[in-house]
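1. Give me coordinates for this.
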Amino acid sequence: MPERNISELNAEWAMENFRVNTLGPAQVAKHFSPLMVTSRKPGRVFSVFASISARVSSISDNRLGGWYSYRMTKCGLNQM
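-> Numbering: from 1, shown residues only. So this is what the prediction gives:
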């Protein structure tokens, strides 16, 4: 469950969030990147990998606080 206070942080829940929100997209990128077209050539469609983050991962926009493990994993995703 999302933490409302830092005292509610649970390491197992945080690691599960990390596996799903950060490592999941990283693994997809790892395995699909060899199949992606990265150069523009006639007759080929240029490939783009995109992942969806959330505003809640913004460091500058954290007025509400809470959701610590989720915020950390989305920040990790943004660094990918």
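2. which residues are contacting stretch 43-62?
-> 25, 28-29, 32-33, 35-38, 40, 67, 70-71, 74-75, 77-78, 80 (C-beta atoms under 8 Å, 6 or more residues apart in numbering). To be clear about C-beta, it is placed using only N, CA and C from the backbone, and glycine gets the same treatment.
3. What is the end-to-end distance of it?
-> 45 Å (C-alpha to C-alpha, to the nearest Å).
4. the helices in this structure, which residues?
-> Listed in chain order, the helices of the chain (DSSP state H) span 11-18, 24-32, 68-78.
5. can you redo those helices as TSV with mean neighbour count?
-> TSV is the format used below for these (neighbours: other C-beta atoms under 10 Å):
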stretch	mean neighbour count
helix 11-18	14
helix 24-32	12
helix 68-78	19
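6. Could you export the ones you listed as a markdown table, including distance to Met1 and mean pLDDT?
-> Formatted as a markdown table, these follow (distance: least, C-beta to C-beta, whole Å; pLDDT from 0 to 100):
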| stretch | distance to Met1 | mean pLDDT |
| --- | --- | --- |
| helix 11-18 | 7 | 95 |
| helix 24-32 | 20 | 95 |
| helix 68-78 | 10 | 90 |
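7. Mind putting these into CSV with distance to Phe46?
-> Output for these, formatted as CSV (distance: least, C-beta to C-beta, whole Å):
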stretch, distance to Phe46
helix 11-18, 31
helix 24-32, 14
helix 68-78, 23
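8. Relative to Pro2, which of those is closest?
-> helix 68-78 (5.9 Å; C-beta to C-beta).
9. Centre of the chain to the closest one, how far?
-> 6 Å (C-alpha atoms, centre = their mean, to the nearest Å).
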